[in-house]
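Undergrad: just need the structure, nothing else, for what follows:
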Amino acid sequence: MIPSELLALLPDLATFARVVETGNFSAAARLLGTTPSTVSRQMQRLERALGTRLLERSTRSIRLTESGAQVYRHCRHMVEAAADAVDVAGHLSESVHGRISLSAPISYAKSVLHPLMDEFLRAHPQADVQLLFDDRELDPVRDPVDLALRMTLAPPPGLVARRLGAVRWMACASFAYLRKRGVPDHPQALRQHDCLYLGDHADDNRWVFRRGEEAHTVQVQGRYIVNDAETRRDAALAGWGIASLPEFVAADALREGELMQVLPDWSFEPRAYSGPVWLLYPQNRFLPPKVRAMIDWLTTNIRS
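TA: Coordinates of the predicted model:
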């Protein structure tokens, strides 16, 4: 393929990478500011130029062919190289500009990160932020994100990991509920209460409490089972029982005196979504000013 033909294909190759990453033509079109029909024509043109089928299409989804998977790996590196070239220019001017993408578990992104973004955007008027609410463990090397926040005891190897504190859980209830049903003075007393728990897994209603060397596992029950922390908080405020909540979700209601922590002398240990919070990004890779600015902002403003 002659250089002029190759250069003509670069926009289509970049679009192909976005189609794969977003999962369909419509989402890619929204990201690129174009139409699904334009994206479809680009994919047809690219397949003709390469002489191979890249995508298997259905009415609802797309799937990479074997050839498409190989081409995508190179396209991803091409797009990353282009982004780095743009970032180098930004680095040389030392200005914070361009899009910064970061992912975090849904409740944490909503309660902790989102409130911090308003001031960051005002402080950096040339920067854009893409905040991804995602409970999957995204990888800044493998996935199209600059930064990823993850809750784990041990951060994954091969990435820089900056600790941003930790997530602690607690059991909380409204004062109205506790006046009516009584305040439990021991984990086993929770058996006599309505409790609000996740329900994602069969043992989500098995709550573990520790105090020193003493540990108790209690199988709780309740009328409302919901796998969203903010909704459990709202249900607790409405008096539907004692809720399992991350501290960052309960904090405002505790501060305003709308909720009370139950069994404060005990450590509440949930199945998951707890422990140290790590900010992850690639090792030995040029960090443009925009990413460095976000790292500094998060490490300065997140306290636990």
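Undergrad: helices or strands up against the helix or strand of the chain with the lowest mean pLDDT?
TA: The weakest-scoring helix or strand in the chain, judged by mean pLDDT, DSSP states H and E, is helix 66-93 (a mean of 78). Taking 3 or more Cβ pairs under 8 Å, 6 or more residues apart in numbering; DSSP states H and E as contact, the helices and strands that helix 66-93 lies on are helix 3-22, strand 98-104, helix 289-301. For glycine as for every other residue, the C-beta is placed from the backbone atoms N, C-alpha and C.
Undergrad: now the angle between strand 98-104 and that helix, please.
TA: With axes from the mean of the first three to the mean of the last three Cα atoms, to 10 degrees applied, the angle from helix 66-93 to strand 98-104 works out at 120 degrees.
Undergrad: use 53 as the first number from now on
TA: Understood, numbering begins at 53; the last thing we discussed is helix 118-145.
Undergrad: between helix 118-145 and helix 55-74, how many degrees?
TA: 100 degrees.
Undergrad: just send the helices and strands packed on helix 118-145 back as TSV, with mean pLDDT and mean neighbour count too.
TA: Output for the helices and strands packed on helix 118-145, formatted as TSV (pLDDT from 0 to 100; neighbours: other Cβ atoms under 10 Å):
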stretch	mean pLDDT	mean neighbour count
helix 55-74	86	17
strand 150-156	92	21
helix 341-353	92	17
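Undergrad: wait, which of those is closest to G293?
TA: Closest of these to G293 is strand 150-156, at 27.8 Å (criterion: Cβ to Cβ).
Undergrad: just checking, what packs against that closest one?
TA: Using 3+ Cβ pairs under 8 Å, 6+ apart: strand 150-156 touches helix 118-145, strand 179-185, strand 199-203, helix 341-353.
Undergrad: go ahead and name everything in contact with it.
TA: 138-139, 142, 161, 164-165, 178-186, 190, 195-201, 340, 342-343, 345-346 (Cβ atoms under 8 Å, 6 or more residues apart in numbering).
Undergrad: and the next helix or strand past that strand?
TA: helix 158-160 (DSSP states H and E).
Undergrad: just the buried residues of that following helix, please?
TA: The neighbour-count check on helix 158-160 (16 or more other Cβ atoms under 10 Å) flags 159-160 as buried.
Undergrad: next SSE after that helix?
TA: helix 166-175.
Undergrad: got the CA coordinates for that next one in PDB?
TA: Output of helix 166-175 as PDB, limited to C-alpha atoms (Å, rounded to 0.1, in the frame of the first residue of the first chain):
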ATOM      1  CA  HIS A 166     -18.200  13.500  41.300                       C
ATOM      2  CA  PRO A 167     -18.300  16.200  44.100                       C
ATOM      3  CA  LEU A 168     -14.600  16.900  43.400                       C
ATOM      4  CA  MET A 169     -14.900  17.500  39.700                       C
ATOM      5  CA  ASP A 170     -16.700  20.800  39.800                       C
ATOM      6  CA  GLU A 171     -13.800  22.600  41.400                       C
ATOM      7  CA  PHE A 172     -11.200  20.800  39.300                       C
ATOM      8  CA  LEU A 173     -12.900  21.800  36.100                       C
ATOM      9  CA  ARG A 174     -13.100  25.400  37.300                       C
ATOM     10  CA  ALA A 175      -9.500  25.400  38.200                       C
END
